[in-house]
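# Here you go, sequence then predicted model.
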Amino acid sequence: MNNELYLKTAFCCMACDGDIADEEVQLIKDYITKSSLFENLEVEKLINEYINSINTIGISFLNAYLKELQNEELTKEEEIQILKIAIAMIEADNEILYSEIKFFKRILACFDISDEVIEKEFPDKEDFFLPDIAQQEYEFILESSFANISLNLDVQELKIDEKDLKAEEKKEE
C-alpha cells in the first residue's frame, strides 16, 4: 500500500460532513510537518484533485474510496492506522456529527478487525464502534461544494483559491 490511501482517508473524513473545517486542514499540515505519514506525496496537489472530484461526482467519490479500501490488501497495522487517521480527522473540529460516525462505520466495515483489537487500540472511542439503530445507507450532503486548499506551511491561515470561489458564486446565481 502507498501512503496516498492514508491521505485519501483523511480527505474523505474531512469532507463526509459537507464541510472542510480549518482545524481539519491544520491536522493535515501537522501530519506533513510532524510525521512521515504522507511522505513523498504531493499533498496539496492530491487534496485539490480530490476536491475537484468530489465537487464533480459527489458521493460517488466517497463510495469509490470505500471500494478501494475493500479491494486493497492491507495489513492489520495499516487498517488500524486508517482508523486512527479517520478518528483524528473526525475529532479535529471538536464537532462529531452522525454523518461522520456513519462514514467511519462504513470504513470499519471494510476491515476484519476483532472486537478485542478495537478495545485495545481504541479504549476511549466506544461511540465510534457502537452498532447503529438505523441501518440506512450513508447519505453525503449533495449540496456541498469545496474550494481548493493551499497548504502553505509558512502561513497559518487557510488560503482559498479566489478563482474557485468566483466560479462557485456564478454557479449559485
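Yes, it's here.
# Now do stretch 39-48, average pLDDT.
If you average the pLDDT over stretch 39-48, you get 94.
# what sits up against it?
Residues from elsewhere that reach stretch 39-48 (C-beta atoms under 8 Å, 6 or more residues apart in numbering): 3-4, 7-8, 11, 28, 32, 148-151. From N, CA and C alone the C-beta is placed, and that goes for glycine too.
# Now stretch 74-92: average pLDDT?
Mean pLDDT, computed over stretch 74-92, is 95.
# And it, what's buried?
For stretch 74-92, burial by neighbour count (16 or more other C-beta atoms under 10 Å) applies to 79-87, 89-92.
# Stretch 63-75 too?
65-66, 69.
# wait, isn't N94 in contact with E23?
Yes. The pair N94 / E23 is scored as a contact, 7.2 Å apart, by C-beta atoms under 8 Å.
# of all the contacts of stretch 39-48, which comes closest to K102?
Nearest to K102 out of the contacts of stretch 39-48 is F11 (C-beta to C-beta; 17.2 Å).
# Just give the number of residues close to that closest one.
Around F11 there are 27 other residues, counting by other C-beta atoms under 10 Å.
# Now it: closest residue in space that isn't a chain neighbour?
With sequence-adjacent residues excluded and distances taken as C-beta to C-beta, 6 or more residues apart in numbering, F11 is closest to Y50, at 4.8 Å.
# Make sure the one you found is actually in contact with T9.
No. Applying C-beta under 8 Å, one finds Y50 not in contact with T9, separated by 11.0 Å.
# Which of the buried residues of stretch 63-75 fall in helices?
Judged by DSSP state H, helices contain the following of those: 65-66, 69.
# Now these in TSV, please, with extra columns for distance to E116.
Formatted as TSV, those follow (distance: C-beta to C-beta, whole Å):
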residue	distance to E116
Y65	27
L66	25
L69	22
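# where does this protein have low pLDDT?
1, 130-146, 152-173 (pLDDT under 70).
# switch to 50 and redo it
138, 155-160, 165 (pLDDT under 50).
# Tell me how many other residues crowd N148.
18.
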